[in-house]
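Asker: quick one, fold the following:
(chains A, B and C)
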Amino acid sequence: MYYGEKTWEKAEQRIFQETMELALHKANLKTGDIDFMLAGDLTNQIIAANFTARGLAIPFIGLYGACSTMYEGLALGSMLIDGGFARYVLVGASSHYATAERQFRFPTEQGVQRAMSAQWTVTGAGAIVLGSQGQGPRITHATVGKVTDFGEMDASDMGAAMAPAAADTLLQHLKDTGRSPGDYDLIATGDLGKYGRQLVVKLAEQNAVALSDSYTDCGTLIFDESQDTHAGGSGCACSAVVTCGHILDQMKQGRIKRFLGIGTGALLSPCSCQQGESIPGIGHAVVIDAG
Amino acid sequence: MLLKAFLVGGSICLIGQLLMDLTNYKVTPGHILVGFVTAGVIISALGFYQPLVDYAGAGATVPLTGFGHLLAQGAIEEARRTGILGVFKGALSAAAGGITAAVVFGYLAALVFKPKG
Amino acid sequence: MNSSDPFELQKREYKKMVQQVKPKPTVIKNGIMAFLVGGTICAAGQLLMNFFKARELGTQDAGLATAAVLVFLAAFLTGLGIYDEIAKYAGAGTIVPITGFANSMVAPAMEFRSEGMVFGVGARLFTIAGPVLVFGIVTAWLAGLITLVLSL
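Answerer: This is a model prediction of the structure:
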């Protein structure tokens, strides 16, 4: 939790910075080679990303897309490269259970029963270096999502708040590209959890799109039942860690050829909740082709 | 008396649990605490809480409704005794010990311990 | 495709869908746990009451001593990180007793200690205790005032 630091915020920032440096190291690049860093997290004024950027000294664009930040960054980074504005872009996102609880919910030591639909914020960070050329997986498409709000009010059921946005982006993507879910070896949403995933399947069904077992959710993958997280994982790190770690690994091993990821975010704040606003959601889709 | 305290105290907690589980999800522990103290004040002011205290002892005083009872009886008794100034003094005078204990122990605990998360 | 846009789906329809999927809280289990744990805390309070009364304290002072001991224990267990583990199962059983009040003071205060003594610990002690005192005191004040008016 503290990762050798004095506060949780410092811990998150250190995890973030180490992840970014590791990504650079793996890509055999130095900070000076990177044209832009796109990063964000869940803390107020995205301090984890800001302070990481302070440490790395790369031209920095701070992002806030709640838990969709990683995919927002991937979409934007690909555009920067595609438009010829950059050769290398470093994209990252982080979250930390305790800083997120503090930001959005209750003090961790307070005696609160978590709802069965509640999710557990993933502590971690993910980073990807995008390059204009080279070997490895490529981003081929990106669908930037619309903010969608079906009037869900329950802050302990983020999956339900974000599912319409995810479904909307998914359907839009399929329509734009003329593809069907069968064209992908794997489709994954960011952090809808067990119940949000079911809602996306139902919403897609209503629009005559059948999602098979090749559709999963990062939030359901990252934790084990025995960890008692209720509906699954959430947070920027949820989709970031699963995508950068598990899914890219599977690609490397040749098990996945074409992947559609939809980073999902709930765009609420404690202030908007207390003022009785519903919870808008957003979903950004990115297609990654192996090799 | 022990059994009565257990049964009555447990029942009061059960009401709180049902309020959280069966109603609108916005009922947080904070709302429960505020609601129970306020309810305690009102029930006590209407004269229905003292009989419960006589019957169940700690089963009625340990739940936060008991704290409300303390505040209400303090205010009402002081009001009867010293008039308008008593209305202002009574509630907190009666609860002074409990509040001080909570503030002091709470402060010390926050100093000594680091949250595990 | 005549309805390719999920926006066409009425919000009301979506609400129904969510209700179908959304897991229900385990009301019976939660209720039993709240009853048992809450009852146990109150019974422990009664034991303390009996103990203090046997030391020849009056009912009021015995009540205060009981409250102080319970508050101390709750603050201590919160500090050790045990209270929230019990509360996970006991729910209102650990919120409604005076121990829950102590927990609601200590938990935010210790967590926000990193923001300093004044605005961290000092202010956050009253995140929940503040509203509790405000509404408790105002209602009690009203009760006193009404008593006074009626007795005139």
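Asker: does chain A have contacts with the worst-scoring helix or strand of chain C on mean pLDDT?
Answerer: Of the helices and strands making up chain C, the lowest-confidence element is helix C:11-21, at a mean of 87, by mean pLDDT, DSSP states H and E. Yes. Counting by Cβ under 8 Å from any Cβ of the partner chain, chain A has neighbours in helix C:11-21: C:11, C:14, C:15, C:17, C:18, C:21. Placement of C-beta: from N, CA and C, glycine included.
Asker: confidence score at the spatially closest residue to the third one that is not a sequence neighbour?
Answerer: Right, residue C:15. With sequence-adjacent residues excluded and distances taken as Cβ to Cβ, 6 or more residues apart in numbering or on different chains, residue C:15 is closest to residue A:151, at 7.3 Å. As predicted, residue A:151 sits at a pLDDT of 88.
Asker: give me the neighbour count for residue B:43.
Answerer: 17 (other Cβ atoms under 10 Å in any protein chain shown).
Asker: again with residue C:116
Answerer: The local packing of residue C:116 (other Cβ under 10 Å) involves 11 other residues.
Asker: now do the strands in the chain.
Answerer: I went with chain A, as the question did not name one. With DSSP state E as the criterion, chain A has strands at A:36-40, A:60-62, A:88-95, A:120-121, A:124-131, A:138-143, A:186-189, A:215-217, A:233-234, A:258-266, A:281-289.
Asker: in JSON lines, list these along with distance to chain C, mean neighbour count and mean pLDDT.
Answerer: What follows is those, written out as JSON lines (distance: least, Cβ to the nearest Cβ, whole Å; neighbours: other Cβ atoms under 10 Å in any protein chain shown; pLDDT from 0 to 100):
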{"stretch": "strand A:36-40", "distance to chain C": "22", "mean neighbour count": "26", "mean pLDDT": "97"}
{"stretch": "strand A:60-62", "distance to chain C": "23", "mean neighbour count": "17", "mean pLDDT": "97"}
{"stretch": "strand A:88-95", "distance to chain C": "17", "mean neighbour count": "31", "mean pLDDT": "97"}
{"stretch": "strand A:120-121", "distance to chain C": "13", "mean neighbour count": "24", "mean pLDDT": "94"}
{"stretch": "strand A:124-131", "distance to chain C": "21", "mean neighbour count": "25", "mean pLDDT": "96"}
{"stretch": "strand A:138-143", "distance to chain C": "14", "mean neighbour count": "18", "mean pLDDT": "96"}
{"stretch": "strand A:186-189", "distance to chain C": "14", "mean neighbour count": "25", "mean pLDDT": "96"}
{"stretch": "strand A:215-217", "distance to chain C": "13", "mean neighbour count": "22", "mean pLDDT": "95"}
{"stretch": "strand A:233-234", "distance to chain C": "16", "mean neighbour count": "32", "mean pLDDT": "94"}
{"stretch": "strand A:258-266", "distance to chain C": "13", "mean neighbour count": "27", "mean pLDDT": "96"}
{"stretch": "strand A:281-289", "distance to chain C": "11", "mean neighbour count": "26", "mean pLDDT": "96"}
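Asker: right, so of the ones you listed, which gets closest to chain B?
Answerer: strand A:120-121 (10.9 Å; Cβ to the nearest Cβ).
Asker: for that closest one, which helices and strands make contact with it?
Answerer: Strand A:120-121 is packed against helix A:97-104, strand A:233-234, with contacts defined by 3 or more Cβ pairs under 8 Å, 6 or more residues apart in numbering or on different chains; DSSP states H and E.
Asker: which of these sits most buried?
Answerer: strand A:233-234 (a mean of 32; mean count of other Cβ atoms under 10 Å in any protein chain shown).
Asker: list the strands paired with that one, with their directions.
Answerer: If you go by DSSP bridges, strand A:233-234 pairs up with strand A:120-121 (parallel).
Asker: you'd agree residue B:116 is up against residue A:108?
Answerer: Yes. At 7.4 Å, residue B:116 counts as touching residue A:108 under the criterion of Cβ atoms under 8 Å.
Asker: so which of the two has more stuff around it?
Answerer: More crowded of residue B:116 and residue A:108, by other Cβ under 10 Å: residue A:108, with 21 against 16.
Asker: and the pLDDT for the more buried one?
Answerer: pLDDT, residue A:108: 86.
Asker: distance-wise, check it relative to chain C.
Answerer: Distance, residue A:108 to chain C, by Cβ to the nearest Cβ, to the nearest Å: 6 Å.
Asker: hang on, the earlier thing: out of the helices and strands packed on strand A:120-121, which is closest to residue A:274?
Answerer: Residue A:274 sits nearest to helix A:97-104 of all the helices and strands packed on strand A:120-121, at 11.5 Å, using Cβ to Cβ.
Asker: what is the closest one packed up against?
Answerer: Counting contacts by 3+ Cβ pairs under 8 Å, 6+ apart, helix A:97-104 packs against helix A:8-26, strand A:120-121.
Asker: what's the distance between residue B:34 and residue C:70?
Answerer: Counting by Cβ to Cβ, to the nearest Å, the gap from residue B:34 to residue C:70 is 19 Å.
Asker: now for residue A:134, how many residues are close by?
Answerer: Residue A:134 has 10 neighbouring residues, counting by other Cβ under 10 Å.
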